[in-house]
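# test case, fold it:
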Amino acid sequence: MPRYLRITFLLLCGILGLSSCQTVFQGLYGIHGLRPVSSSEMQQLAGRYGIPANQVFVLDTSYRAFLSHLHRRDSAAAKNHYQPLQAAYYDRKGQLQSFYINCYAGGFPNLAWNAAGGLNQFPPKPQAPADTALPLSDYLRYLRQPSGQPLPAQPTADHTIVVQWSRFMGRQSRRLIQAAQRNAALARPGSTVQLLFVNNDNLATYLETRQAQFATKPN
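As a prediction, the model looks like this:
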């Protein structure tokens, strides 16, 4: 397993790992400890965060294989697709148009998703590099319904926004969800927008468990 993929999601590109006071940083950003989230709890969280029930999905643990493969080809792209908070904007052809991730947001004590005003238009101005590593058709293979079933149908909208969020990212998740919803409302009249809110708590917990198991193996 590549060394990079053993780094916990909580690093936030170094924001929360700058010193031994990591717990303090987590508290200031409203971040919780990692643990698995059941289907029922996930749906309750989604309700509190203002996500409609039919827009709630889960990122499958098989996403790890994609990250590992991508890291061997393009470590910078893998780093971006590894982040815990993401909003990926796809056009009708399934190509990534605009990419927002926590590493590029900045801000304290809240991530500033619209610091440069990019979200004042739709689709938004680019924030992180919009690579070709994960077209929508591939992304959808890693998404599941809360029950564990595959997506019922492929999105056919003019624009599809895939937002990764989690319980462990606390209010930072809520703020990204709200930012994406506000931005989607700016879409040109007559165009269609599909929002997919994808929880990654279980994937993050799985990766941390794998990291711990790797660390305890004898050399």
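
# wait, doesn't residue 202 sit right on residue 39?
No. The pair residue 202 / residue 39 is not scored as a contact, 10.0 Å apart, by Cβ atoms under 8 Å. From N, CA and C alone the C-beta is placed, and that goes for glycine too.

# contact partners for the nearest residue to residue 51 once chain neighbours are set aside?
Leaving aside its sequence neighbours, residue 51 sits nearest to residue 197 (Cβ to Cβ, 6 or more residues apart in numbering; 4.7 Å). When contacts are counted by Cβ atoms under 8 Å, 6 or more residues apart in numbering, residue 197 is found next to 46, 51, 55, 56, 57, 163, 165, 177.

# let's see if you can find the most crowded of those.
Highest neighbour count within the contacts of residue 197, by other Cβ atoms under 10 Å: residue 165, with 28 neighbours.

# and that one, bridged to which residues?
Note on residue 165: beta-bridge partners by DSSP bridges are residue 199.

# that one contacts residue 199, doesn't it?
Yes. The criterion here is Cβ under 8 Å, and residue 165 meets it with residue 199 at 6.2 Å.

# ok, residue 96 to residue 143 distance?
For residue 96, the distance to residue 143 equals 15 Å [Cβ to Cβ, to the nearest Å].

# just to revisit the earlier point, what about residue 202 and residue 39, which has more around it?
Neighbours per residue (other Cβ under 10 Å) separate residue 202 from residue 39, with residue 202 holding more: 20 against 14.

# all helices of this protein, in order?
22-28, 39-48, 63-73, 75-81, 136-139, 170-184, 201-216 (DSSP state H).

# for the last one, what is the average pLDDT?
Same thing as helix 201-216. Mean pLDDT, helix 201-216: 75.

# if anything else comes up later, I'll come back, but that's it for now.
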